[in-house]
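**Q** coords please:
(chains A and B)
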Amino acid sequence: MRSSFISSITGYVKVEIRGKRIEQLLNLAVQNRYSLWDVSSVGREKSEGFVALRDFFRLRPLLKQTGCRIHVLERYGLPFFLDKLGKRKFFAVGMLLFVIGIYLLSSVVWNVRVEGTVKLKPEQVLQAARQAGIYPMQWKFRLQDPDTLSRNLHTLLPGTAWVGVEIHGTQIRIRVVESKAPEQSPLMSPRNLIAAKNALVTEIFAEKGRPMVKRNTYVRKGDLLISGTIGEGEGQQTVVSQGTVRGIVWYTSKIESPLTRTYKVYTGDQKGRSYLVIGSRALQITGYGKPPFDQYETITDQSVLQWRQFKLPLGLMREKLMGMRMEEEPVDPAEAKALGLQQARTDLLREAGPDARIVSEKILHEKTENGKVYIEVHFEVEQNIAEEQPIIPGQGE
Amino acid sequence: MRRIGRKLNGFAAKILDLPQDVVLDLPRMTLIGNIQLYIENHRGVVHFSNELLRLDLTRGQVEVHGQNLVIRAILPEEVFIEGIIHDIKYIL
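**A** This next block holds a predicted model:
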């Protein structure tokens, strides 16, 4: 039987057989299921062939039986290689050392990587890891299993919600998820609260600090409302004043309100245009030509082509041009006045800040001329009038 | 008795469509060109040389004449020969 690959590992030889009864030898060998192949006759009583090593050694009785002689010409296979290797011992030792070396080098941690740190510094994590036994050049088998390591690191590092430790080959990856700390109130330096505007104080409530004015007192801009220095003499302390002070502030507004109103009217004419959007450029496809109306308003509707989550730089944009016209309409003076007042009120409230309310309004005088209504109004607004003033140490009050 | 047995064998072979070399114990030879010859169902090598290979069969012998004959593979009942084959003769 011939399986040359196996034979090349287990070994085979090329032999020369001499004798009269070579055929008989052949028959006997084959009957005993010896592996031999490529038999050729090279002379009258001489043949050559290849025999598997195992069977070569078992040929002796057959040779005796048939009266043939055998002579080895060439040797192939692992057993012979090993024999040669035996003479070069250092080569073998080198190979072994190589294998051992690779194994050793790969059971050492070479790299520790930290991911996911936002507030914490990587160096802190590495230091904590060192305490837990994770550091470069550490033997891998001396590390505890990842779950224990995660837990240890989590305890060692405050401010983390979860720490994950993964060992990939010779690299250790530490993933950190930081915990969200509740928001700390911003630091404030010691300060006073002073009046931002001239006002009549309606309400004063000091959470921290000493109130300096009473209700129904008229204060000017810059007057001290809540003081940051409390205590007398030795017990003096500067604190961060906190509190609300509300007062009535007077405003005089001058309003102009036009007697004609212009507004947009759609004429009903429409024109559609569509564009092909490539990247950030639009290429017009349909709807060429000037629209048949002069003034128009554009309504754009853009749809971008998508593929799953990726937005392709390709899209379609549709424009609808609606013809419009500006129309003027005369406004009733009373209505104009009302509108003007409304506008003034909103502006005022915006300026006065949140929690403001209009206590009273009085129209001082009004006149109509040049197609407009001019009104001068006096508003009283109750709003927050406290303003911060930092206390600079060294400057007395 | 042997004749009847053999007749029955041949009969069975025809009816059941069995290959004849199995039933009748004949050698099967596959000749590729004049280069390769594969003989199955032989009974041993009688003579082997560069130009002649004689094999024993169940009944009789077969001779292969040629040049540079080499036995590429040999098994108890099969032999695979390569070389330049001139003649194949049955000697009964």
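**Q** check contacts around residue 30.
**A** I went with chain A, as the question did not name one. A:36, B:74-76 (Cβ atoms under 8 Å, 6 or more residues apart in numbering or on different chains). Where you see a C-beta, it was placed from the backbone N, CA and C, and this is true even at glycine.
**Q** Can you look at chain B instead?
**A** B:36-40.
**Q** Can you go through those residues and name the buried ones?
**A** B:37-39 (16 or more other Cβ atoms under 10 Å in any protein chain shown).
**Q** From the residues you listed, which land in strands?
**A** Judged by DSSP state E, strands contain the following of these: B:37-39.
**Q** How about the residues of chain A by chain B?
**A** Taking Cβ under 8 Å from any Cβ of the partner chain as the contact definition, chain A meets chain B at A:1-2, A:22-23, A:26-27, A:30-31, A:33, A:36-42, A:44, A:47, A:49.
**Q** 7 Å instead?
**A** A:1-2, A:22-23, A:26-27, A:30-31, A:36-41 (Cβ under 7 Å from any Cβ of the partner chain).
**Q** ranges for the strands of the stretch 251-397 of chain A?
**A** Remark: strands assigned in the stretch 251-397 of chain A by DSSP state E, counting those that start in this stretch are A:260-278, A:281-286, A:296-307, A:310-330, A:357-369, A:372-384, A:386-390.
**Q** quick one, which of the ones you listed is nearest to B:Leu8?
**A** strand A:296-307 (77.2 Å; Cβ to Cβ).
**Q** Quick check: mean pLDDT of the closest one?
**A** Across strand A:296-307, pLDDT averages out at 64.
**Q** Mind giving me the packing neighbours of the lengthiest helix in chain A?
**A** Counting by DSSP state H, the longest helix found in chain A is helix A:333-352. Packing partners of helix A:333-352 (3 or more Cβ pairs under 7 Å, 6 or more residues apart in numbering or on different chains; DSSP states H and E): strand A:242-258, strand A:357-369, strand A:372-384.
**Q** Would you mind giving the ones you listed as TSV with mean neighbour count and mean pLDDT added?
**A** Output for those, formatted as TSV (neighbours: other Cβ atoms under 10 Å in any protein chain shown; pLDDT from 0 to 100):
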stretch	mean neighbour count	mean pLDDT
strand A:242-258	18	84
strand A:357-369	12	83
strand A:372-384	18	85
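**Q** can you list these in TSV and add distance to A:Leu105?
**A** Output for these, formatted as TSV (distance: least, Cβ to Cβ, whole Å):
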stretch	distance to A:Leu105
strand A:242-258	64
strand A:357-369	78
strand A:372-384	71
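**Q** closest to A:Lys320 out of these?
**A** The nearest among these, by Cβ to Cβ, is strand A:242-258 at 30.9 Å.
**Q** quick one: strands adjacent to that closest one?
**A** Next to strand A:242-258 in the sheet, as set by DSSP bridges, lie strand A:199-208 (antiparallel), strand A:372-384 (antiparallel).
**Q** Can you name the residues of chain B sitting close to chain A?
**A** B:44-50, B:70-76.
**Q** let's see 6 Å
**A** Within chain B, the positions near chain A by Cβ under 6 Å from any Cβ of the partner chain are B:44-45, B:47-50, B:70-74, B:76.
**Q** quick one, what contacts A:Met188?
**A** A:Met188 is in contact with A:Val240, counting by Cβ atoms under 6 Å, 6 or more residues apart in numbering or on different chains.
**Q** Identify the residue nearest the geometric centre of chain B.
**A** B:Pro27 (3.6 Å; Cα atoms, centre = their mean).
**Q** Where does the prediction get shaky in the stretch 1-150 of chain A?
**A** A:1-4 (pLDDT under 70).
**Q** one more time with 50
**A** A:1 (pLDDT under 50).
**Q** all helices for it, in order.
**A** All helices of the stretch 1-150 of chain A, identified by DSSP state H, counting those that start in this stretch, fall at A:4-10, A:22-31, A:53-57, A:60-66, A:78-87, A:89-106, A:122-132, A:146-156.
**Q** Can you lay out those helices as CSV showing distance to A:Ile248?
**A** Conversion of those to CSV gives the following (distance: least, Cβ to Cβ, whole Å):
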stretch, distance to A:Ile248
helix A:4-10, 106
helix A:22-31, 126
helix A:53-57, 116
helix A:60-66, 129
helix A:78-87, 107
helix A:89-106, 81
helix A:122-132, 55
helix A:146-156, 58
